[in-house]
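1. Got a predicted structure plus its sequence, pasted below:
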Amino acid sequence: MNAGYILLFSIVWLVFAYIWYGNKIKNKVIRTDDSFITPSNEINDGKDFVPTKKSILFGHHFSSIAGAGPIVGPILAFALFGWLPALIWIVLGSVFIGAVHDYAALMISLKNKGKSIVEISTRVISKKAGMIFTIFVWFTLVLVEAVFADLTARTLINMPDIAVPTIGLIVVATLFGIFCIRPDRNVLISTIIALIAITGLIISGEYFPIYLDYQVWLFFIILYCWLASILPVWVLLQPRDYLSMYILLFGLAIGVAGVLIFQPTINAPAFVSFDSKSGPLFPMLFITIACGAVSGFHSLVASGTSSKQLNKTSEGKLISYGTMLTEAILAVLVLCMVSSVLIWDKESAATWNGFFGLLEKSSNIVFGHAIGLTIEKFGIPFYLGLSFGILMINAFILTSLDTSARLGRYIVQETFGDKFGGFFKNKHTATLVGLIFAYIIAATGSYNVIWAIFGTSNQLIAAIALFIVTIYFVGFKAPKWYTVIPAIFMLLVTEIAFVYQIFYIYVPKQNWILAVSAAFLFILGLVIGIECIQKIFFIKKEKAKTV
């Protein structure tokens, strides 16, 4: 099978879907109207609410939602089930579930003065259900902060040559934000200068590696997250994510070009098994691949930071639906590369470029080797491609990390700060409470105990978010099937996954912490799901309005 044909077909389909299905959601469900004043223009406090050019916001949003998910998820699913099931889920799930989920979450937040979907849940479901959902999401964000901080620290230890470009990117981004992200500034020229500086930093990293202890790196990463969360969004978060986008898009572009031009042949099986060591294809495939198809984390970003920066409602489709499908292209590219340029060595002797041999080290190493071998045919030395691939995934992780810290602050301030004020309203303490927990979890390694349940929890957030947007739009006489069918599907996936994990994995292994946690989340999903379904089908409809 030709990997180039598969990638080309997927890109054509996703571009077509952006125009066809994206416009259907925009016109029938969202019904945008640029006469509506967005929160960024209405509030415009120069800190969190800032009207932003769509090119800048696209970079921020894409970098924030991507994380390591569209790379790690497809790699693991490929190993467990084969490339074909993973491909089908990515190209269909991203169009009909993931992009709809992201777009709708962004737009209902706009209509509610930039409030997060967590805060909105209290209004559209119930106060009790909303509070439970809020606490659940906050702990999930803390876990994300802990794991991504740990991954970043360990990556900097294992590859000290990317420390200079990692730190330098933060400095360049800050200068870019202070001097360049203004309506009267030429963003194109500023971007070119910044990218030249970043290229110099990448080259310098080879000659000036930085060696620091794990605890030191972890402390600095947590400190960076605190600064990124409390500083005005245009100073650090926006420009860092915007500039990171070019690293990510360059990797995406050169990877796509390599596969399309050289058309490597897939040497791995299209299908492996309906039942892997991690569980049956249904529902575990839909848990393993999240960000490339649908991810609850995206709704938190869309309604947490991006909705506070969107300048016009008509730009929402590009920022949310468009970035989700761009992420799907990345996920398909990863599948095409690892199944063709790497060797399927499951039943044969391991080689230096064997997939399973590399997977024993980490998914990051798998991706680094795959992109290094892909772009090597352009005359780029393999070791540079490998380093760039690792830097690329590290940039993904950092953007999700600092966004998670800011989202955690918003949740504390919106949910508890508006009620109790004081400690919960202060941006410094609202940020630190989550980051301190994250530091403790990362430093002690205790996240290893509960991380196994994160994938299912993340998809439960997606299911609940889809129910919330359905209730909201049905209240304005919008058609419900575009969102309620994906909501019910994702709820079934997560509930069945929890049952499987409890009775076939955690209880047999006597892992009572995970068993109890999964049981609690199963009940949470069931209770909120039933309440949402009742509201959707028995809701009192209001006069139709546009968003």
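-> That came through, no problem.
2. hey, let's count contacts and neighbours off CA atoms from now on
-> Noted.
3. Longest helix in this structure, please.
-> helix 127-158 (DSSP state H).
4. So for it, what gets flagged as buried?
-> Within helix 127-158, the residues that count as buried by 16 or more other CA atoms under 10 Å are 129-131, 133-134, 136-138, 140-157.
5. again with stretch 226-243
-> Result for stretch 226-243 [16+ other CA under 10 Å]: buried residues 226-230, 232-243.
6. Check stretch 191-210 too.
-> Those would be T191, A194, L195, I198, L201, I202, S204, G205, E206, P209, for stretch 191-210 by 16+ other CA under 10 Å.
7. Repeat that for stretch 306-316.
-> Result for stretch 306-316 [16+ other CA under 10 Å]: buried residues S306, S307, K308, Q309, L310, N311, K312, T313, E315, G316.
8. so where does the residue nearest to the spatial centre of the chain fall, helix or strand?
-> With distances taken as CA atoms, centre = their mean, the chain has I65 as the residue nearest its mean C-alpha position (2.9 Å). If you go by DSSP states H and E, I65 is part of helix 54-66.
9. ok so, going back, immediately after the longest helix of the chain, which helix or strand?
-> helix 163-179.
10. quick one: contacts of that next one?
-> Contacts of helix 163-179 with the rest of the structure, by CA atoms under 8 Å, 6 or more residues apart in numbering, involve 156, 190, 194, 197-198, 201-202, 204-205, 208-210, 234-236, 238-240, 243, 391, 395.
11. What residues of stretch 405-421 count as buried?
-> 405-417.
12. Quick one: distance of it to the chain centre.
-> 21 Å (CA atoms, centre = their mean, to the nearest Å).
13. Run through who's touching that stretch.
-> 115-116, 118-119, 134, 138, 141-142, 145, 225-226, 228-230, 300-301, 304-305, 423-427, 430-431, 434-435.
14. who touches I450 in this structure?
-> Contacts of I450 (CA under 8 Å, 6+ apart): I513, L514.
15. hmm, 7 Å instead?
-> I450 sits next to L514 when contact means CA atoms under 7 Å, 6 or more residues apart in numbering.
16. give me the element the residue lying closest to V147 once chain neighbours are set aside is part of.
-> Nearest residue to V147 in three dimensions, chain neighbours excluded: A442, at 6.4 Å (CA to CA, 6 or more residues apart in numbering). Using DSSP H and E, A442 falls within helix 427-444.
17. Show me what the mean pLDDT comes to for that helix.
-> When pLDDT is averaged over helix 427-444, the result is 88.
18. Check the burial of F537 by counting its neighbours.
-> Counted with other CA atoms under 10 Å, residues neighbouring F537 total 11.
19. Any buried residues in the one helix or strand it maps to, and which?
-> Take DSSP H and E as the rule and F537 turns out to sit in helix 512-538. Buried positions in helix 512-538, judged by neighbour count with 16+ other CA under 10 Å: 514-515, 518-519, 521-522, 524-526, 528-529, 532-533, 535-536.
20. Name the nearest of the buried residues of stretch 191-210 relative to L84.
-> Distance to L84 across these (CA to CA) is lowest for I202, with 35.7 Å.
21. Where does pLDDT dip in the stretch 251-400 of the chain?
-> Low-confidence segments of the stretch 251-400 of the chain (pLDDT under 70): 347-350.
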